[in-house]
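Peer 1: Predicted model and sequence below, questions to follow.
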Amino acid sequence: MTQSEATALKTIIVDDEELARQGLSMRLEQYDEIDVVQECHNGREAIEAIIEHEPEILFLDIQMPGMTGFEMIKEVQGDVMPMIIFVTAYDAFAVDAFKVHAIDYLLKPVEGDRLAEAIDRAKQHKEREHAIHEKQKLLELAVSLTGKSPAAIGELVESDEEIVERADRLAIKDGSSITFVPVRDIDWIDAAGDYMCVHVKGETHIMRTTMKELEAKLDPTIFQRVHRSTIVNLERVEKVSSHINGEFHLTLNCGSSLKMSRSYKEKVKHFF
């Protein structure tokens, strides 16, 4: 066994269409980091394969006879759940897919660059999980050596757990369609009642969520609250101007001008 084979991510393909399974399997052969250990034609077979192989990745169809992909996930024990990459002909399930923490959502026919992107995302996720596991072992060692409680030195692990939950893109539903917005492309965000207005490259996408929920998905080293109802991408800030009333205005490279409340000045000044 070569080193690449030893470190390859064990993968299972689940699809009731034989040609779809075979086609995806052949395309995955070009990736040394992927090792397809089994192809399954329904959810029950996939559950048995997960128990047997304990794979890292599951390429999963949604609409299958007998048991849908979502129903199959509910039957799998959480601690053996692999990373899920949905592969389907329908975009209507995208929001539900990300609710179950899918790594990616690919539409058939799968484009080559999207497949490569999904695999890269899975690799990054696996690397983050490994880093957190190693940090947890370090924490346990520190507890045994110092005699301190895990709570006293546990903030380091908690901060890494938050990183795993950070989104690298947002799935925004607009009627019957889904728009996937790369987080790095976001200029700024503001609240409008029960909705969030996500401003991206001159366009505004409306997302039904709370400020707190959305803020938790964003990297705080890049996105910071500058007002009770405004989050800004700090990488977009070109100029900070002070006003006589103690408030500040931020000028973004997209041309937008945002007001920063005095209460947020101390929180964000070290970023500029």
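Peer 2: Yes, it's here. Numbers count the residues shown, from 1 in each chain.

Peer 1: In which helix or strand does Arg21 reside?
Peer 2: For Arg21, the host element (DSSP states H and E) is helix 18-28.

Peer 1: Can you give me the neighbour number for the closest residue to Ile34 other than its chain neighbours?
Peer 2: Leaving aside its sequence neighbours, Ile34 sits nearest to Leu28 (CB to CB, 6 or more residues apart in numbering; 4.8 Å). All C-beta atoms are positioned from the backbone trio N, CA, C, and that covers glycine. Residues lying near Leu28 (other CB atoms under 10 Å) number 18.

Peer 1: do the same with Pro82
Peer 2: By other CB under 10 Å, the residues close to Pro82 number 21.

Peer 1: How about the contacts made by it?
Peer 2: Going by CB atoms under 8 Å, 6 or more residues apart in numbering, Pro82 touches Ile12, Ile50, Glu54, Pro55, Glu56, Ile57, Leu58.

Peer 1: Any idea what Phe86 is bridged to?
Peer 2: Residues in a beta bridge with Phe86, per DSSP bridges, are Leu60, Tyr105.

Peer 1: so how many other residues sit close to it?
Peer 2: 26.

Peer 1: One more: Thr204?
Peer 2: 12.

Peer 1: which SS class is it?
Peer 2: What DSSP: H, G, I helix; E, B strand; the rest coil gives for Thr204 is strand.

Peer 1: who's in contact with the closest residue to it other than its chain neighbours?
Peer 2: If the residues on either side of it in the chain are set aside, Thr204 comes closest to Cys197, at 5.3 Å by CB to CB, 6+ apart. Under the criterion of CB under 8 Å, 6+ apart, the neighbours of Cys197 are Ile189, Asp190, Ala191, Thr204, His205, Ile206, Met207.

Peer 1: any idea which of the residues you listed has the most stuff around it?
Peer 2: With neighbours taken as other CB under 10 Å, the top of these is Ile189, carrying 25 neighbours.

Peer 1: could you dump the helix or strand where it lies to PDB, C-alpha only?
Peer 2: Assigned by DSSP H and E, Ile189 belongs to strand 186-192. The C-alpha coordinates for strand 186-192 follow below in PDB (Å, rounded to 0.1, in the frame of the first residue of the first chain):
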ATOM      1  CA  ILE A 186     -19.800  39.400   1.200                       C
ATOM      2  CA  ASP A 187     -19.200  43.100   1.500                       C
ATOM      3  CA  TRP A 188     -21.600  43.800   4.400                       C
ATOM      4  CA  ILE A 189     -24.800  42.600   6.100                       C
ATOM      5  CA  ASP A 190     -27.600  44.500   7.700                       C
ATOM      6  CA  ALA A 191     -30.800  43.500   9.500                       C
ATOM      7  CA  ALA A 192     -34.300  44.200   8.300                       C
END
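
Peer 1: Please work out the average pLDDT along that strand.
Peer 2: Here strand 186-192 scores 90 as its mean pLDDT.
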